[in-house]
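In: Turn this into a model:
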Amino acid sequence: MPHNNPPNWLAGLLSSRSRYERLPVAAAHAGPSQPRLQHVCHVLFVRRRLRTLLVILGLLAGSAVAVYVYILSVPLPPLYSRFHQAELDLPQHNTALPFPEGKEGKYLWVANHASKCGWGNAMQELFLNAYLAYRNDRAFVFDNYTWSRDEGDYSLYNLKPIPSRIPLTALIRGPIVGGPFPAGDHAPRAVVPEYYYEVCQPAERAIIGSYSINGQFNEPTAETLIQAWTKQMQPHRCVEVEFTPPEVFDEHLFADAHRLLDIWPRFSQSPIVQSFSWSALVELAYDTNRAAISPSISALAPPLSAAPLSDGLTRYTRVPGLLALHVRRGDFKGHCFDVLARRSIGYTGFNSFPALPDHWSLSPDVSESEKHRLYAEHCFPDVDAIVRRVEEVRASPAGQELSHIYVMTNGSPAWVAQLKAALRKKHAWAHIASSRDLFLTPEQKYVGQAVDMLIAQRAQVFIGNGFSTLSGMVVMLRMAGGVSPDATRHW
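Out: Sure thing, here's the model as predicted:
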């Protein structure tokens with residue numbers, strides 16, 4: 001009887017490259033032993049895979065438990081219940097009020113406003129939505145600063161709990177969030193969605209999809225959109241923007257100064273801008289920390305809370321000698337190089353006022369290495385680049401007599417310490433502070449970006465990030481407040 005050679009697959013399994021030791025094979029009568037050999041190999045294979053699987057599952061379970069324990073160890077953030085209640089209790093929430101308020105008034109509820117975005121993005125959209133309502137003599141329906149509409153009270157960001165929604169009155173004050181308009185301006189006051197749904201019954205609501213209006217145009221300007229929406233809303237008392245994209249004023253408009261700034265002369269003088277103030281919570285954080293922010297502020301100077309709210313932007317006078325720097329770290333690096341540089345995107349609209357001294361320019365035939373260098377210098381500057389730029393600005397006419405620096409940043413404490421040391425090595429600054437040096441209450445912690453913006457708004461000179469919407473809103477407020485454009489710079 002001829003000898004049976006092992007089949008090809010078994011020969012491969014038993015080759016020197018197999019992970020298993022060669023098993024003895026009988027020189028003769030091998031046929032009857034093949035099933036047993038196959039069974040042994042299969043058992044060894046399954047056991048090895050099972051052990052590997054159990055190790056992986058154990059590691060995953062251990063990691064999940066560690067993350068869960070870590071999350072539970074972090075204190076839960078505040079929910080700002082007192083601000084929510086104060087908004088619900090606004091006096092204009094009364095259907096018996098006479099026109100232009102009450103049950104005869106006109107309303108605009110932008111239900112698809114931006115969410116899951118930074119405060120700078122949300123704030124710029126908020127201003128234009130409120131301005132659209134103001135231009136149409138409608139009560140603006142203001143919602144929360146919203147990270148998540150769908151989750152519970154808390155969301156996770158970088159494995160830490162944050163409030164899913166923060167009432168806008170914890171961040172700002174003024175006509176946008178139900179404050180009074182200046183004397184003689186009879187525009188209806190802003191209201192919350194809960195009141196809108198009470199005063200505007202379902203049959204009275206005209207629900208309009210943004211695309212039905214915005215889709216008629218190719219890259220429309222802000223003024224073009226306002227006029228188009230004005231025409232569409234005119235017959236209706238209660239207008240609700242459908243909860244679908246795009247936004248009325250989308251990210252592409254805010255990225256393009258030519259499209260955005262055609263409303264500037266009228267928008268900047270409206271009470272939406274001129275009667276704007278930061279919230280009492282934000283201003284209290286500023287007053288509490290003003291010695292840490294800049295010792296040049298006189299100890300006898302009255303707190304911001306002492307200034308009449310009716311003064312609006314004029315409440316925020318300059319702090320002499322203070323240079324504010326906006327330095328983004330963390331995930332902004334990916335945004336700079338993986339998004340902005342890859343798409344050759346320039347400064348945002350509010351960072352691109354023609355009167356500003358610094359403008360973004362990128363040649364169409366720029367090399368990839370040069371493009372990377374430019375975005376690194378202007379979007380994500382390292383410590384050396386920051387120090388060089390600070391020295392350039394300090395030597396400019398607007399930078400004379402600068403003595404203190406405030407760094408608004410999300411950088412790590414170690415990185416901030418490195419930056420401070422480098423700045424002091426180059427110049428004998430009297431004082432350098434950063435976002436990391438402020439003492440904030442739990443409620444103030446989650447509106448800390450607004451505290452930074454207030455400081456930058458009041459600085460003698462501000463160096464912002466031209467690619468950041470948060471910097472852009474600081475620039476907008478400084479321009480609207482009459483600050484010389486030469487005192488507002490970019491990296």
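
In: Just the CA coordinates for whichever strand or helix holds Asp452, please, in PDB.
Out: Per DSSP states H and E, Asp452 falls inside helix 448-458. These are the backbone C-alpha positions of helix 448-458, laid out as PDB (Å, rounded to 0.1, in the frame of the first residue of the first chain):
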ATOM      1  CA  GLY A 448     -13.900  81.100  31.700                       C
ATOM      2  CA  GLN A 449     -13.500  81.800  28.000                       C
ATOM      3  CA  ALA A 450     -15.800  84.800  28.500                       C
ATOM      4  CA  VAL A 451     -13.700  86.100  31.300                       C
ATOM      5  CA  ASP A 452     -10.600  85.900  29.000                       C
ATOM      6  CA  MET A 453     -12.500  87.800  26.300                       C
ATOM      7  CA  LEU A 454     -13.400  90.600  28.700                       C
ATOM      8  CA  ILE A 455      -9.800  91.000  29.700                       C
ATOM      9  CA  ALA A 456      -8.700  91.000  26.000                       C
ATOM     10  CA  GLN A 457     -11.400  93.500  25.200                       C
ATOM     11  CA  ARG A 458     -10.100  95.900  27.800                       C
END
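
In: Give me the contacts around it.
Out: 118-120, 171-172, 278-279, 282-283, 285-286, 289, 293, 316-319, 322, 324, 326, 406, 408, 435, 438, 440, 444, 462, 464, 470, 473-474, 477-478, 481 (Cβ atoms under 8 Å, 6 or more residues apart in numbering). The C-beta positions use only the backbone N, C-alpha and C, and glycine is treated the same way.

In: go with 6 Å
Out: 119, 171, 278, 282, 285-286, 293, 316, 319, 324, 406, 408, 435, 440, 462, 474, 477 (Cβ atoms under 6 Å, 6 or more residues apart in numbering).

In: Quick check: helices, which of these are part of them?
Out: Under the assignment DSSP state H, those contribute 119, 282, 285-286, 293, 474, 477 to helices.

In: is it possible to export those to TSV including pLDDT and distance to Leu126?
Out: Listed next are those as TSV, based on pLDDT from 0 to 100; distance: Cβ to Cβ, whole Å:
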residue	pLDDT	distance to Leu126
Trp119	97	10
Val282	98	15
Ala285	97	20
Tyr286	97	21
Ile293	94	26
Val474	98	15
Leu477	98	13
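
In: Determine which two of those are furthest apart.
Out: With distances taken as Cβ to Cβ, the most widely separated pair in these is Trp119 and Ile293, at 19.3 Å.

In: which ones are touching Ala285?
Out: With contact set as Cβ under 6 Å, 6+ apart, Ala285 has these partners: 440, 444, 451.

In: if I look at the first one, how far off is Leu454?
Out: This points to Leu440. Distance, Leu440 to Leu454, using Cβ to Cβ, to the nearest Å: 13 Å.

In: if you go through the stretch 101-250 of the chain in chain order, where are the strands?
Out: Counting by DSSP state E, counting those that start in this stretch, the stretch 101-250 of the chain has strands at residues 107-110, 139-141, 145-146, 154-157, 160-163, 165-166, 172-173, 205-208, 238-241.

In: which secondary structure elements does the third one contact?
Out: So that's strand 145-146. Contact partners of strand 145-146 among helices and strands, from 3 or more Cβ pairs under 6 Å, 6 or more residues apart in numbering; DSSP states H and E: none.

In: what does that strand rub up against?
Out: Applying Cβ under 6 Å, 6+ apart, the contact partners of strand 145-146 are 115, 122, 165-166, 168.

In: Include distance to Ile226 when you put the ones in helices among the contacts of helix 448-458 into JSON lines, please.
Out: Shown next, in JSON lines, are the ones in helices among the contacts of helix 448-458 (distance: Cβ to Cβ, whole Å):
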{"residue": "Trp119", "distance to Ile226": "24"}
{"residue": "Val282", "distance to Ile226": "29"}
{"residue": "Ala285", "distance to Ile226": "34"}
{"residue": "Tyr286", "distance to Ile226": "33"}
{"residue": "Ile293", "distance to Ile226": "38"}
{"residue": "Val474", "distance to Ile226": "24"}
{"residue": "Leu477", "distance to Ile226": "21"}
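
In: who wins for neighbours among those residues?
Out: Within the ones in helices among the contacts of helix 448-458, most neighbours by other Cβ atoms under 10 Å means Val474, with 28 neighbours.

In: how about low-confidence regions in this structure?
Out: Across the chain, the ranges flagged by pLDDT under 70 are 1-34, 63, 66-73.

In: Identify the single longest helix in it, thanks.
Out: Max-length helix for the chain by DSSP H is helix 34-73.

In: quick one on the thing from earlier: just name the closest of the contacts of strand 145-146 to Tyr107, please.
Out: Taking Cβ to Cβ as the measure, Tyr107 lies nearest Leu168 of these, at 16.8 Å.

In: quick one, helices of the stretch 251-400 of the chain?
Out: 251-254, 257-260, 264-267, 271-274, 280-293, 332-334, 342-343, 368-378, 383-394 (DSSP state H, counting those that start in this stretch).

In: tilt between the fifth one and helix 448-458?
Out: The reference is to helix 280-293. Counting by axes from the mean of the first three to the mean of the last three Cα atoms, to 10 degrees, helix 280-293 points 60 degrees away from the direction of helix 448-458.

In: how far out from the middle of the chain is helix 280-293?
Out: Taking Cα atoms, centre = their mean, to the nearest Å, the mean C-alpha location of helix 280-293 is offset from the chain mean by 22 Å.

In: next one: stretch 325-340
Out: How far stretch 325-340 lies from its chain's middle: 12 Å, per Cα atoms, centre = their mean.

In: So which bits of it are buried?
Out: Using 16 or more other Cβ atoms under 10 Å as the burial criterion, the residues of stretch 325-340 that qualify are 325-328, 332, 335-337, 340.

In: Over to stretch 391-400?
Out: So stretch 391-400, judged by 16+ other Cβ under 10 Å, has buried residues 393-394, 398-399.

In: out of the residues you listed, which one sits closest to Trp491?
Out: Ranked by distance to Trp491 (Cβ to Cβ), the buried residues of stretch 391-400 are led by Val393 at 10.0 Å.
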